[in-house]
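Novice: can you look at this prediction? I've put the sequence above it.
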Amino acid sequence: MMRVTNSMIVKRTKSNINSNRTKIDYTNNQMSTQKKITKPSDNPIIAIRSLRLRSTLSTITQYYENNIPDAESWMDCTATALTNMKDMLDDAYSRVVYGATDELEAEDRETILKALQSLQQQIYCEGNADYARRTVFTGYRTNQNLTFTSNKEAKDEHYKITERFDYQDIDKKSYYANQFDDTSDAAVTKMPTDAAGTQLNDVPVFSEKELNRLRLAYDKITAGGKNQENTLTISYTDENKMKHELLLSSDQSQIGSQGCTFTTGEISMPGTPPTTAPGLNITPPEGYFAVYTNGGVNTVIESSGVIPASDNGKYSVTLYKKTDWVYNTTTGTVERNPSLPASQKQEQPITTEPVIYHAAVVANPPATEAKPAYLTAEFNGQEIKYAVSNTTDLRKNNYDVKDDEIIFDQENGELIFTGEMAKVFDEKRVSFTFEYDKKGFEEGELRPENYFDCTRYMTERDDIVYENFDEKGNWKTQAIYYNIAGGQQMQINTEAREVFSSDIRRDIDELIDVVSMAMTAQTTVDEIKKKIESGNYSGTELENLNKWYDAAKKQLDYANQNMHDTYSGYISRFQGYLDTVNLEITDLGGRGERVEMTKSRMSVQQSTFKELKSINEDMDLSDLVINYTAASVAYQAALQAAAKIGKMTLLDFI
């Protein structure tokens with residue numbers, strides 16, 4: 001039998017008291033925190049589950065309380081801007097329909113003009129809508145407005161812009177010859193004179209000429225000067241799926257065909273002794289050599305060379321890839337590269353479009369006879385001449401555009417050509433790339449970087465290059481996605497080019513122009529009529545006034561008909577703009593509904609995981625009270641037992 005000493009009794013009693021005190025302390029902590037554990041070692045299983053549940057709940061909370069509300073706010077801001085844009089387009093559409101009315105009084109035209117001028121200034125303003133100082137329509141450039149917001153900001157901006165078109169973008173437009181608005185006595189009491197100063201017998205007949213055009217996104221295009229030349233590239237793919245490209249420069253001194261550059265050289269100026277014409281410089285594209293034939297003799301050009309000058313000479317060269325072909329200087333022929341494996345497919349030679357070199361060098365030529373060197377090219381058998389002009393000169397020449405010409409009206413921002421040229425482009429289903437400089441913008445105009453490949457010239461830092469299209473000419477999307485749930489993304493932004501067409505402002509410009517033309521024509525008629533009825537004129541002057549009056553009335557009839565036809569034709573355009581905006585509103589609404597459904601699901605998941613987390617971690621209050629009471633009773637009992645044991649001696653146990 002084991003001996004139990006006083007010391008052993010005391011130690012066991014203290015141990016029991018401490019054990020009960022630990023239990024009451026543990027339950028007291030549980031009552032304070034209402035948690036099952038306070039440290040992982042209390043229950044590792046609960047701790048591991050708690051970490052997993054807390055991580056999942058934190059992710060769900062981030063989606064539900066931050067990402068989704070942010071996405072909803074962005075999309076709500078976008079929807080408001082689109083709705084406002086729709087309202088403005090509705091207004092513009094109603095003005096177009098009203099302008100197509102057959103009978104309009106002078107005050108009606110004035111009303112339409114003022115309404116359109118107001119719309120012109122405001123049409124893109126909704127594109128500058130922002131959410132939390134982030135512009136919602138500018139793709140990744142959320143720190144930048146869609147438009148120029150002040151004339152002060154816009155007037156000094158300078159961009160090199162590249163626009164892309166295809167044959168389907170070609171449209172027709174009526175241009176007017178012999179248009180006049182000068183009603184001074186010097187103009188309408190006499191007959192006009194021709195270019196030589198000879199007086200005509202009658203007033204020139206006001207008439208219209210229908211031409212084809214490609215309209216740029218901007219007017220008032222810069223031309224001339226450093227870094228301000230423009231180039232037109234025409235391309236098509238033939239039946240063998242080979243792409244043909246022809247580049248034409250604005251100064252008519254350079255043509256690029258299939259990447260091969262033809263450039264005119266210097267030529268003597270009027271009044272100077274004749275010089276030997278320098279010929280036509282040729283530079284093959286990188287990785288190719290060029291061969292041209294003259295008089296049955298082949299000449300190879302490795303990196304650059306000169307074709308001897310010839311007045312009105314026509315040239316084309318064949319391009320060979322250096323890795324696949326070599327030029328045999330002994331035989332004067334091109335042969336397959338002998339080091340190339342027989343199994344390797346060789347690059348086929350490329351023949352450039354024929355280039356026509358025009359040059360005239362005359363001994364001491366008078367200034368009026370001097371002809372500069374310039375280039376034209378054949379395209380699908382049609383010779384093409386590309387030149388730059390402006391609206392004023394085109395009107396003076398009564399829009400006399402030849403069948404082989406492409407005229408760039410830099411003032412009005414149009415490439416103009418006849419129907420014959422349009423047929424050539426249509427047959428080949430061509431695409432166009434036009435690179436030009438635009439210096440000086442107006443408030444409300446679109447910033448080019450949101451629509452085109454362009455370079456923004458900077459004065460105090462490096463130029464900024466914007467590349468928005470890939471090598472195939474496809475737009476590089478700038479869609480902004482938000483994670484709104486696990487494995488679920490949603491595009492929250494709408495890009496400007498999807499809804500704010502650059503054509504809207506240009507269309508409004510043209511509607512304003514035709515209204516202004518009708519108003520000016522009416523004013524011209526009224527002022528000449530007033531002169532006739534004044535009784536201050538007689539004889540030849542009165543006769544001439546009547547002739548000018550008849551011409552003015554015909555001009556007014558044309559102007560009114562043009563206004564009617566233009567507005568009637570533009571009804572479908574503005575309906576198309578409205579349809580586009582409505583489609584974007586619908587698409588945005590659909591995305592909003594998906595966000596709302598995800599939000600509802602996230603709400604349920606958040607509640608579910610909160611409940612699971614609570615079940616795993618939290619103590620029930622009634623259980624806590626019971627456990628604490630039991631621990632407290634046990635502790636008090638231990639204390640009472642210890643008090644009794646302290647009074648006993650070993651003899652009491654014997």
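Specialist: Great, that's in hand. On a predicted model such as this, the values are computed, not experimentally measured, just so you know.
Novice: and the helix or strand L89 falls within, average pLDDT?
Specialist: In this structure, L89 sits in helix 68-99 according to DSSP states H and E. Average pLDDT, helix 68-99: 93.
Novice: and that helix, which residues are buried?
Specialist: 68, 71-72, 74-75, 77-79, 81-82, 85-86, 88-89, 91-93, 95-96, 99 (16 or more other C-beta atoms under 10 Å). From N, CA and C alone the C-beta is placed, and that goes for glycine too.
Novice: what's it packed up against?
Specialist: helix 106-122, strand 130-131, strand 481-485, helix 503-533, helix 539-617 (3 or more C-beta pairs under 8 Å, 6 or more residues apart in numbering; DSSP states H and E).
Novice: now the end-to-end length of stretch 423-433.
Specialist: Stretch 423-433 has an end-to-end distance of 18 Å (C-alpha to C-alpha, to the nearest Å).
Novice: quick one: contacts of it?
Specialist: Residues outside stretch 423-433 that contact it (C-beta atoms under 8 Å, 6 or more residues apart in numbering) are 162-167, 169-170, 214, 232-237, 379-382, 415, 473.
Novice: do you know which of the helices and strands packed on helix 68-99 lies nearest H358?
Specialist: helix 503-533 (34.6 Å; C-beta to C-beta).
Novice: show me where this structure has its helices.
Specialist: For the chain, helices defined by DSSP state H occupy the ranges 6-33, 44-62, 68-99, 106-122, 151-154, 185-188, 391-396, 419-428, 503-533, 539-617, 621-647, 650-653.
Novice: what confidence value was assigned to V515?
Specialist: Confidence score, pLDDT, at V515: 90.
Novice: just give the closest residue to it, not the sequence neighbours.
Specialist: L113 (4.8 Å; C-beta to C-beta, 6 or more residues apart in numbering).
Novice: tell me the contacts of that neighbour?
Specialist: Applying C-beta under 8 Å, 6+ apart, the residues near L113 are 512, 515-516, 519.
Novice: ok, T323 - how many residues close by?
Specialist: Neighbours of T323 under the rule other C-beta atoms under 10 Å: 14.
Novice: quick one: L545 from K190, how far?
Specialist: The gap separating L545 from K190 is 10 Å, by C-beta to C-beta, to the nearest Å.
Novice: tell me who's in contact with Y124.
Specialist: Y124 neighbours (C-beta under 8 Å, 6+ apart): 146-147, 444-446, 500, 504-505.
Novice: let's see 10 Å
Specialist: Y124 makes contact with 85, 88, 137, 145-148, 444-447, 496, 500-502, 504-505 under the criterion C-beta atoms under 10 Å, 6 or more residues apart in numbering.
Novice: what pLDDT does it get?
Specialist: 91.
Novice: would you check how far apart it and A377 are?
Specialist: Taking C-beta to C-beta, one finds Y124 at 38 Å from A377.
Novice: got it, and A359?
Specialist: 15 Å.
Novice: and the two? Which one has more around it.
Specialist: Comparing A359 with A377 by neighbour count (other C-beta under 10 Å), the higher total belongs to A377, at 24 against 21.
Novice: apart from its neighbours in sequence, what residue is nearest S603?
Specialist: Nearest one to S603, counting by C-beta to C-beta, 6+ apart, is Y64 at 6.3 Å.
Novice: for that neighbour, give me the pLDDT.
Specialist: pLDDT, read off for Y64, is 93.
Novice: now do the contacts for the residue lying closest to F609 once chain neighbours are set aside.
Specialist: Spatial nearest neighbour of F609, chain neighbours left out: L57 (4.5 Å); criterion: C-beta to C-beta, 6+ apart. Residues near L57 by C-beta under 10 Å, 6+ apart: 605-606, 608-610, 612-613.
Novice: determine which two of the residues you listed are furthest apart.
Specialist: Across these (C-beta to C-beta), the longest gap, 12.1 Å, separates Q605 and K613.
Novice: what's the overlap in contacts for those two?
Specialist: With C-beta under 10 Å, 6+ apart as the test, Q605 and K613 both reach 56-57.
Novice: hang on, the earlier thing: of L545 and K190, which one has the most company?
Specialist: Shown here are L545 and K190; by other C-beta under 10 Å, L545 has more neighbours (23 against 15).
Novice: doesn't V525 make contact with the more buried one?
Specialist: No - using C-beta atoms under 10 Å as the test, L545 is too far from V525 to be in contact (11.9 Å).
Novice: quickly list what's touching both of those two.
Specialist: 183, 552.
Novice: next, count neighbours for the residue found closest to E420 once you drop the neighbours it is linked to in the chain.
Specialist: In this structure, E420 finds its nearest non-sequential neighbour in D403, 4.2 Å apart by C-beta to C-beta, 6+ apart. D403 is flanked by 13 other residues according to other C-beta under 10 Å.
Novice: distance of T608 relative to Y466?
Specialist: 47 Å.
Novice: which one's more surrounded, those two?
Specialist: With neighbours defined as other C-beta under 10 Å, T608 and Y466 compare such that Y466 has more, 19 against 13.
Novice: contacts only, for the more buried one.
Specialist: 141, 159, 161-162, 447-456.
Novice: residue nearest the centroid of this protein?
Specialist: Y451 (1.2 Å; C-alpha atoms, centre = their mean).
Novice: dump the residue contacts of it.
Specialist: Going by C-beta under 10 Å, 6+ apart, Y451 touches 146, 161, 163, 217, 466, 468, 475, 495-497, 500-502.
Novice: any idea how far I528 is from it?
Specialist: 45 Å.
Novice: do S316 as well
Specialist: 57 Å.
Novice: so between the two, which is more surrounded?
Specialist: Set S316 next to I528 and count neighbours by other C-beta under 10 Å: I528 wins out with 22 against 17.
Novice: distance of that one relative to K553?
Specialist: For I528, the distance to K553 - C-beta to C-beta - is 9 Å.
Novice: count of residues packed around the residue nearest to D453 when sequence neighbours are not counted?
Specialist: Leaving aside its sequence neighbours, D453 sits nearest to T162 (C-beta to C-beta, 6+ apart; 4.3 Å). By other C-beta under 10 Å, 20 other residues sit near T162.
Novice: quick one: contacts for T162?
Specialist: Contacts of T162 by C-beta under 10 Å, 6+ apart are 231, 233, 433-436, 448, 452-455, 466-469.
Novice: if you set the cut-off to 6 Å instead, what comes out?
Specialist: By C-beta atoms under 6 Å, 6 or more residues apart in numbering, T162 lies in contact with 435, 452-453.
Novice: would a markdown table of these with distance to K599 and neighbour count be doable?
Specialist: Shown next, in a markdown table, are the contacts of T162 (distance: C-beta to C-beta, whole Å; neighbours: other C-beta atoms under 10 Å):
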| residue | distance to K599 | neighbour count |
| --- | --- | --- |
| E435 | 47 | 20 |
| F452 | 38 | 22 |
| D453 | 39 | 20 |
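Novice: for those residues, which one is nearest E103?
Specialist: Once C-beta to C-beta is applied, the member of the contacts of T162 that ends up nearest E103 is F452, at 41.9 Å.
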